[in-house]
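Colleague: give me the fold of what follows.
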Amino acid sequence: MARAKNKRDFGKIGDLVEELGQREIPAVYERAIVGEIIDAFVKSHHSRVLYVVDEEARLKGVISLGNLIRHVFFLYHDPYVDTRNLISMAISQTAKDFMQREPLFCVESDDLEDVLQRMIKHNVKEIPVLDDEKRIVADLTMVDLLKRYKHIKGPELF
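Modeller: Residues are numbered from 1 along each chain as shown. As a prediction, this is how the structure comes out:
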């Protein structure tokens, strides 16, 4: 990928959050059961992850659509998959039971280019934007970053 001339060209996370405007953050509480998690995924129009939050709305983890599919449809998975993981997923009751803990996140003052590099390094397609209290104020997708990149570079991307 061609790099922006410098980080100021790509901007700050807060700039992109402002451009995107307010949109619903795909989140569930730690105690959410599988049916509630499915409903939250169905309701989300731009995301393929759900952020798991505590009672104070602080980020605790993330559930990817892939994790949910492996959980809900565990009987359909390849028989050579590690059965200990499948059993663990099959008996999970709440979002807290099978969320990924310590997910990647960013804050509004972060440079977009730095966040993009972290997302690529960790193969993350979506990332929450947190405030000082670790509450989610926005979320960004790789598609959002692609739109921003195209806007900055213009029709001649390379």
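Colleague: tell me which stretches of the protein form strands.
Modeller: Here the chain has its strands, by DSSP state E, at 27-29, 49-53, 59-64, 100-101, 106-107, 126-130, 136-141.
Colleague: would you tell me which one of those strands is buried the most?
Modeller: Comparing those by mean neighbour count (mean count of other CB atoms under 10 Å), strand 49-53 comes out on top with a mean of 25. From N, CA and C alone the C-beta is placed, and that goes for glycine too.
Colleague: how big is the angle separating that strand from strand 126-130?
Modeller: Interaxial angle, strand 49-53 versus strand 126-130 (axes from the mean of the first three to the mean of the last three CA atoms, to 10 degrees): 30 degrees.
Colleague: CA atoms only for strand 49-53 - export them in CSV, please.
Modeller: Extracted in CSV, the C-alpha atoms of strand 49-53 (Å, rounded to 0.1, in the frame of the first residue of the first chain):
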residue,chain,number,x,y,z
VAL,A,49,-18.0,-7.7,15.4
LEU,A,50,-19.7,-7.1,18.6
TYR,A,51,-18.1,-5.2,21.4
VAL,A,52,-18.7,-6.7,24.9
VAL,A,53,-19.1,-4.2,27.6
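Colleague: and stretch 142-153, what's its mean pLDDT?
Modeller: Computed over stretch 142-153, the mean pLDDT rounds to 88.
Colleague: tally of neighbours for the nearest residue to E133 once chain neighbours are set aside?
Modeller: Among residues not flanking E133 along the chain, R58 sits closest, at 6.5 Å (CB to CB, 6 or more residues apart in numbering). Close neighbours of R58, defined as other CB atoms under 10 Å, add up to 13.
Colleague: how about H46, what does it touch?
Modeller: Contacts for H46 (CB atoms under 8 Å, 6 or more residues apart in numbering) come out as R23, P26, T141, V143.
Colleague: list the residues that contact L50.
Modeller: Per CB under 8 Å, 6+ apart, neighbours of L50: P26, A27, V28, I37, A40, F41, S44, V62, I63, L68, A95.
Colleague: partner residues bridging it?
Modeller: With DSSP bridges as the criterion, L50 is bridged to I63.
Colleague: so what's the residue nearest to E133 up against?
Modeller: If you count contacts by CB under 8 Å, 6+ apart, then R58 has E133, K134, R135 around it.
Colleague: of those residues, just the buried ones, ChimeraX syntax please.
Modeller: To isolate the buried ones among the contacts of R58 in ChimeraX, judged by 16 or more other CB atoms under 10 Å, type:
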select :134,135
